[in-house]
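Peer 1: Just need the structure, nothing else, for what follows:
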Amino acid sequence: MTPSSPFIAIVGAGPAGLSAAEVLAAAGARVAVYDRMPSVARKFLMAGRGGLNLTHSEPLPRFLTRYGAAAERLAPALEAFSPEALRHWAAELGEETFVGSSGRVFPLSFKASPLLRAWLARLREAGVTFHLRHDFCGWTDAGALAFRTPAGAQAVAADAVILALGGASWPRLGANGGWVEVLRAAGVAVNALAPANMGVTIAWSEHFRSRFAGTPLKRIAVHFGKTVVRGEAVVTAAGLEGGAIYALSTDLRRALGHRSITLNLDLRPDVDEKALAGRLAAARPKESYATLLAKAGGLAPVAANLVREVTGPARPDAAALAALIKALPLTVTGHAGLERAISSAGGIAWKNIAPDYALMGLPPYVPPVFAAGEMLDWEAPTGGYLLQACCATGRAAAQGVKARFSL
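Peer 2: Down below sits the predicted model:
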């Protein structure tokens, strides 16, 4: 890096922005990272509280399908920085990884903070500077970046810019979607941001809500339309959330609109319905409903009471009860908002993103701008797919900048 090296401003200090900064600093660019929050990578640290799922170990062809309609556009970036490459990168920073029973990849420490500390140390050693409490609000008439800061308005002139401002989920952690109207006003098509990997709302009885909110439903299968997802869910005061629900979030969000829908829960996915009916029929006639569900039905208290949420005090016959346990209908009235969603759908339309992640459609007086991460219009389930794509697109955008300046 020399005083004549290109100066690249990266707006957003999450995984996408930090990944871009790492690539560009290593290439000899002068790099500065700007963020509206008082500290960096807040959502990354929050994710680490649950064990920091870095990526997934499944074969790359299967991995790519997790991105749905955006898979084709994301594929080059994900092939260039694959899950295996991410694991190697983490190991270089001193964080060895392992594959869990679900195929998900975690650091051995199960924490985000050691990895982030090592990452930031590498960036600072490479000359990357950080400028916090800088809230991006567009460009000046001269094409400089415009920020709101505690010291007042500031303008930053850069040779190129990478925007990595995130989506709009968990806005208290930094990404609030405030960039959407800024880019639309500048001529960029942005599809509306919507919750992804979010919980659903169900009108529980007060008895069920007060007793079981926060309790997991383990080893279930959730049916919606032709899709079946096995996994776990968690009862909340407002409804259900968790991996098995998040995996259906795209379909659920589209179906809900302004109407309620029905989810079916298989509470015993490993037991045949006919065999289950036989066990229920063979139970002693004088057994209480609760005992029947627990012993013959094999249901944990939360699952047994969920059945009673649907049936009420009435006790169906063995065949009908078995059918309910295998396909318990729950009326879903809505879904959680962006403030509770793990990620967001929508974002900059792909028609405005060049293959090198350059942002097209901006006024000619603006220097080259690239975009990465959750700002782009893609979504994926939990399981390591979100972080992987953020890192991969951040690196892809940086490669685009490198090519532009022959770094």
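Peer 1: How far does the helix or strand bottoming out on mean pLDDT in the chain sit from its chain's centre?
Peer 2: Least confident element among the helices and strands of the chain, by mean pLDDT, DSSP states H and E: helix 42-48 (a mean of 87). How far helix 42-48 lies from its chain's middle: 11 Å, per CA atoms, centre = their mean, to the nearest Å.
Peer 1: The helix or strand following that helix pairs with which strands?
Peer 2: The helix or strand immediately downstream of helix 42-48 is strand 55-56, counting by DSSP states H and E. Using DSSP bridges, strand 55-56 pairs in its sheet with strand 104-107 (antiparallel).
Peer 1: what residues does the partner strand touch?
Peer 2: With contacts defined as CB atoms under 8 Å, 6 or more residues apart in numbering, strand 104-107 is touched by 51-57, 83, 86-87, 90, 95-100, 114-115, 383-384. For the C-beta atoms, the positions are set from N, CA and C on the backbone; glycine is no exception.
Peer 1: if you set the cut-off to 10 Å instead, what comes out?
Peer 2: For strand 104-107, contacts defined as CB atoms under 10 Å, 6 or more residues apart in numbering pick out 48, 50-58, 83-84, 86-87, 90-91, 93-100, 114-115, 382-385, 387-388.
Peer 1: Which other helices and strands does the next helix or strand after that strand contact?
Peer 2: Under the assignment DSSP H and E, the closest C-terminal helix or strand after strand 104-107 is helix 113-125. Here helix 113-125 touches helix 15-26, strand 30-34, helix 42-48, helix 83-92, strand 129-131, going by 3 or more CB pairs under 10 Å, 6 or more residues apart in numbering; DSSP states H and E.
Peer 1: now for the fourth one, which elements pack on it?
Peer 2: Right, the one you point to is helix 83-92. Short answer (3+ CB pairs under 10 Å, 6+ apart): helix 83-92 packs on helix 15-26, strand 55-56, helix 60-65, helix 71-80, strand 97-99, strand 104-107, helix 113-125, helix 385-405.
Peer 1: So which of these is nearest T262?
Peer 2: helix 60-65 (26.5 Å; CB to CB).
Peer 1: can you pull the buried residues of that closest one?
Peer 2: For helix 60-65, the neighbour count (16 or more other CB atoms under 10 Å) marks F63, L64 as buried.
Peer 1: same for that helix, what does it pack against?
Peer 2: Judged by 3+ CB pairs under 10 Å, 6+ apart, helix 60-65 is in contact with strand 55-56, helix 71-80, helix 83-92, helix 385-405.
Peer 1: Dump it to PDB, keeping only the CA atoms.
Peer 2: The C-alpha trace of helix 60-65 is given here as PDB (Å, rounded to 0.1, in the frame of the first residue of the first chain):
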ATOM      1  CA  LEU A  60     -21.600 -27.700  -3.100                       C
ATOM      2  CA  PRO A  61     -24.300 -28.600  -5.700                       C
ATOM      3  CA  ARG A  62     -26.800 -29.300  -2.900                       C
ATOM      4  CA  PHE A  63     -25.500 -26.300  -1.000                       C
ATOM      5  CA  LEU A  64     -26.300 -24.000  -3.900                       C
ATOM      6  CA  THR A  65     -29.900 -25.100  -4.100                       C
END
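Peer 1: Show me how far that helix is from its chain's centre.
Peer 2: 17 Å.
Peer 1: could you check the distance from the nearest residue to W378 once chain neighbours are set aside over to G346?
Peer 2: Take W378 and drop its neighbours on the chain: the residue closest to it by CB to CB, 6 or more residues apart in numbering is A70, 3.6 Å away. The gap separating A70 from G346 is 11 Å, by CB to CB, to the nearest Å.
Peer 1: now swap in D270 and tell me
Peer 2: 37 Å.
Peer 1: When the two are compared, which one has more neighbours?
Peer 2: G346 (22 against 9; other CB atoms under 10 Å).
Peer 1: burial measure for the residue nearest to W378, as a count.
Peer 2: For A70, the count of nearby residues is 18 (other CB under 10 Å).
Peer 1: what does A318 give?
Peer 2: With other CB under 10 Å as criterion, A318 counts 18.
Peer 1: Next up, the contacts around it.
Peer 2: L276, A277, G278, R279, L280, A281, A282, A283, L292, A296.
Peer 1: 7 Å instead, please
Peer 2: A277, L280, A281 (CB atoms under 7 Å, 6 or more residues apart in numbering).
Peer 1: if we can go back for a sec, correct me, but the residue nearest to W378 touches E374?
Peer 2: No: using CB atoms under 7 Å, A70 is not in contact with E374; the gap is 11.6 Å.
Peer 1: what sits opposite the most centrally placed residue in the chain in the beta ladder?
Peer 2: Nearest to the mean C-alpha position of the chain, counting by CA atoms, centre = their mean, stands S343 at 3.7 Å. Per DSSP bridges, the residues bridged to S343 are A196.
Peer 1: how close does it sit to P114?
Peer 2: Taken as CB to CB, the span from S343 to P114 is 24 Å.
Peer 1: Can you list the buried residues in stretch 316-333?
Peer 2: Within stretch 316-333, judged by 16+ other CB under 10 Å, the buried ones are P316, A318, L321, A322, L324, I325, K326, L328, L330, V332.
Peer 1: ok, the nearest residue to L52 once chain neighbours are set aside - contacts?
Peer 2: Leaving aside its chain neighbours, L52 sits nearest to A112 (4.5 Å; criterion: CB to CB, 6+ apart). Residues in contact with A112 (CB under 7 Å, 6+ apart) are F44, L45, A47, G48, L52.
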